[in-house]
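Visitor: quick check, what structure comes out for this input:
(2 chains)
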Amino acid sequence: MIKNLVIVESPAKAKTIEKFLGKEFTVMSSYGHIRDLAKKDLGIEKEKGYKPKYIQSPDKKNVIKELRDASKTAEMVWLASDEDREGEAIAWHLFEVLKLDANKTKRIVFHEITPKAITNAIQNPREIDYNLVNAQQARRVLDRLVGFELSPLLWKKVKPSLSAGRVQSVAVRLLVEREREIIAFEPDSAFRITGDFQDSGSGKFELTAELNKRLKTSSQVTDFYESIKGQDFQVSSVQKKPGKKSPAAPFTTSTLQQEAARKFGFSVSQTMSLAQRLYEAGHITYMRTDSVNLSNDAIAAAESEIKKSYGENYHKARKYSTKAKGAQEAHEAIRPTYMQNHTVDAQNAEQKLYSLIWKRTIASQMSDAKLEKTTISIPVKNNSDFKFTAQGEVLLFDGFLKVYIESLDDDKKEDVAGLLPPLKEGDNLNLIQSNAIERYSNYPARYTEATLVKKLEELGIGRPSTYAPTISTIQKRNYVVKEDRPGKERTIQQISFKADQIKASKKVETYGSEKSKLFPTDVGMVVNDYLIEHFDKVMDYSFTANVEKEFDSIAEGQRQWSAMIDEFYKPFHQTVEFAEEHSERKSGERILGDDPESGKPVLVRIGKYGPIAQIGTAEDEEKPQFASLRRDQHIETITLEEALELFKLPRQLGEHNGKKVSVSIGRFGPYVRYDSLFASLKKEDDPYSINLERAIELIKEKQEADAKKLIKVFDEAEKIKVQNGKYGPYITHKRKNYRVPKSIDPKTLTYEQCMEIIEKGQKKGTKKKK
DNA sequence: CAGTGAGCGAGCTTCCGCTTGACTT
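Guide: Numbers count the residues shown, from 1 in each chain, chains lettered A, B, ... in the order given. As a prediction, the model looks like this:
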């Protein structure tokens, strides 16, 4: 018999709360939403006022059964899902699916997990807020309508299996537009001039200062140096200004993802799964949140920890307020559960993330850092337009910097100003030497996973629970790839000035190398252009913000949800129908020119399997020739010469043991083929110039590696192999893999045992498909 | 894993947001 049944969304939360509530209460979890729109067709009855067709989620069958059994015996059921739109809907779905009795059901909310907050919630129950539920239904129905009408249109007009949606399509748009800005960017260059000075009094102090203006051309630089020949310099002013730095707010999901990426290079999904484990172990509060708020208990705990560890003057109580658009603030900020734990006992990566969260939280309750900024000015006497300045910074009091410094994104990084020598106004200086170095302006920074999340949050698009999945979806659809790209080289000019001598020289610098950046693919670009051409309203960056306003007015009871949907859907559906009938297939085709050998046109477009180059057209008598574009080549930017180069592969290198050896470039880069064996080329090998000798070397290496992987083969059937893999030993059979159970030593496996494992695995496979 | 790229047509794909494990080669 259960007296009180409390239902929350997360099992870890259930465990914690149960401790606070005592014996009279049983706490269970719904594991998020328990039902959703039917997946078959639209799942919405458009003619009946957009009535949703809900289906119990298949993976929640057991959860629902357990909850139903428990709720039947309970005297009172407390629906304690989160205090936001989605949480309210979860409460309502529970009420409906579990067929609860209104007289024996109460709705409670709390947004911090403290005994006080929970007792308070129990004492102040309310009813299910149907306005809020309807706002959620409107959100859900709108997303389904957009996603399930646009995606099939793409299958027809571009390529099968593609997808479009309110969130993912705008994320791709951001990347495509940034990429085009970069392609169109024309760098500008100017000479940055620095001077190394020494005081002519004691000769003890040296300082490097920068000229206040950059000069466009080398002749302007030479003219400048000519004009200062033989000149002496003097400090005209030493200005000191007090400054301060304040700590950043505690972590939300998005800021945690950004900072973990900057400091440790974690991907957003990596950060989330580490945080999940810390949460389940009870080390941190909930990790999917848009709130920077700390509970009063947490603020007090931070205060006593700071005073104990660093002293009274390091503490300053602070309250932060959320700036993010559309924040729903159902939870606290992400913080340690126990402020006194500077570290926790966990795996290395988890420990790193915990420590980051601890530092950020503690720092947020610490005093400002105080500093003094100094600017030393050194005028050029015969030209009042020019002066050299040096800037320095001295830390007077470290404050929160004692524990934590927030990192900057690469494009915002600046030179760190250090300490300046104690020069004063009127001090005479000698110019020991000066250097003018040509500096190019940088193109706009490409997005990383984390900076994309930041941008989406600023636009109010997506939620803490969806940032990581969205990024993985747009990569899965091949709209976007995350990769490194090597830099390119360019020559820059340098001019030096020393002992009244002017010398010019040249230097090679690499620029534009990228690490773990998101690049839109050709498919991403073509899909994006198609969607913008026909559905500019949904693709607008403010579309989500606009509909959010409408959801809010539904939540406040001022608007009827199906009327709002109708107002959106009618014109939207018309544009879908129009595009269906009137728009052309989009292949992104671009004609590059004529093939000098055959005189046939050379073109690039998206083919069935991705971007391809093609010589000749389907109408020609001869079949056209095809070649896949390489990963770093794009329909929009490839040249005729580069395209023609692609047709030189595959190259026949000759024979080895009577079998042909050829080289080509595949999905995973350049490879050598020998019979049915494929061996990847090494970085230093070039597929266009590699010779047979080197190719055989690679083949032998690959054969050896394969032999090492192999644990066992059977005489009975060549097709079965026992091999060693990343996840332990496994059996291959007819191109499928089956894991060897841990209880069996793979070396002792018999043929019969293998067949048994394979049969078992196949059964599992067919079950899954249902 | 790495060959492909005509056209036909069956049957499939797809959204966002709330949650965890099961599973991966």
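Visitor: tally of neighbours for the residue in the stretch 401-550 of chain A that DNA strand B sits nearest to?
Guide: When scored by CB to the nearest atom of the strand, the stretch 401-550 of chain A has residue A:463 as its residue closest to DNA strand B, at 2.9 Å. All C-beta atoms are positioned from the backbone trio N, CA, C, and that covers glycine. Neighbour count for residue A:463, taken as other CB atoms under 10 Å: 21.
Visitor: name the nearest residue to it, ignoring sequence neighbours.
Guide: residue A:290 (7.4 Å; CB to CB, 6 or more residues apart in numbering).
Visitor: residues touching the one you found, list them.
Guide: A:252-254, A:322, A:324, A:327-329, A:457, A:463-464 (CB atoms under 8 Å, 6 or more residues apart in numbering).
Visitor: looking at those, which are in helices?
Guide: A:253-254, A:457 (DSSP state H).
Visitor: most neighbours of all the residues you listed, which one?
Guide: residue A:253 (28 neighbours).
Visitor: in JSON lines, list the contacts of residue A:290 along with pLDDT.
Guide: Output for these, formatted as JSON lines (pLDDT from 0 to 100):
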{"residue": "A:252", "pLDDT": "98"}
{"residue": "A:253", "pLDDT": "98"}
{"residue": "A:254", "pLDDT": "97"}
{"residue": "A:322", "pLDDT": "86"}
{"residue": "A:324", "pLDDT": "81"}
{"residue": "A:327", "pLDDT": "86"}
{"residue": "A:328", "pLDDT": "85"}
{"residue": "A:329", "pLDDT": "85"}
{"residue": "A:457", "pLDDT": "97"}
{"residue": "A:463", "pLDDT": "97"}
{"residue": "A:464", "pLDDT": "97"}
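Visitor: what residues does the stretch 551-700 of chain A put near DNA strand B?
Guide: A:607-610, A:612, A:618, A:626, A:628, A:664, A:666-669, A:671, A:678-680 (CB under 7 Å from any atom of the strand).
Visitor: now, of those residues, which are buried?
Guide: A:612, A:628, A:664, A:671, A:679 (16 or more other CB atoms under 10 Å).
Visitor: in strands only, show me these.
Guide: Counting by DSSP state E, the part of those found in strands is A:612, A:628, A:664, A:671, A:679.
Visitor: please enumerate the helices of the stretch 451-600 of chain A.
Guide: A:467-476, A:522-534, A:536-539, A:543-555, A:561-582 (DSSP state H, counting those that start in this stretch).
Visitor: out of those helices, deepest packed?
Guide: Of the helices of the stretch 451-600 of chain A, the one with the most neighbours on average (mean count of other CB atoms under 10 Å) is helix A:522-534, at a mean of 21.
Visitor: ok, that helix near DNA strand B or not?
Guide: No: against DNA strand B, helix A:522-534 shows no contacts by CB under 7 Å from any atom of the strand, the least distance being 10.6 Å.
Visitor: so that helix versus helix A:561-582, what angle?
Guide: Here the directions of helix A:522-534 and helix A:561-582 differ by 110 degrees (axes from the mean of the first three to the mean of the last three CA atoms, to 10 degrees).
Visitor: outside of helix A:522-534, which residues touch it?
Guide: Contacts of helix A:522-534 (CB under 8 Å, 6+ apart): A:150, A:154, A:157-159, A:162, A:164, A:169, A:172-173, A:175-176, A:179, A:474, A:477-480, A:520, A:538-539, A:575, A:578-579, A:583, A:586-588, A:606, A:610-611, A:629, A:634-636.
Visitor: sorry, back to before: just the contacts of residue A:290 now: which is nearest DNA strand B?
Guide: Distances from DNA strand B to the contacts of residue A:290, taken by CB to the nearest atom of the strand, are shortest for residue A:463, at 2.9 Å.
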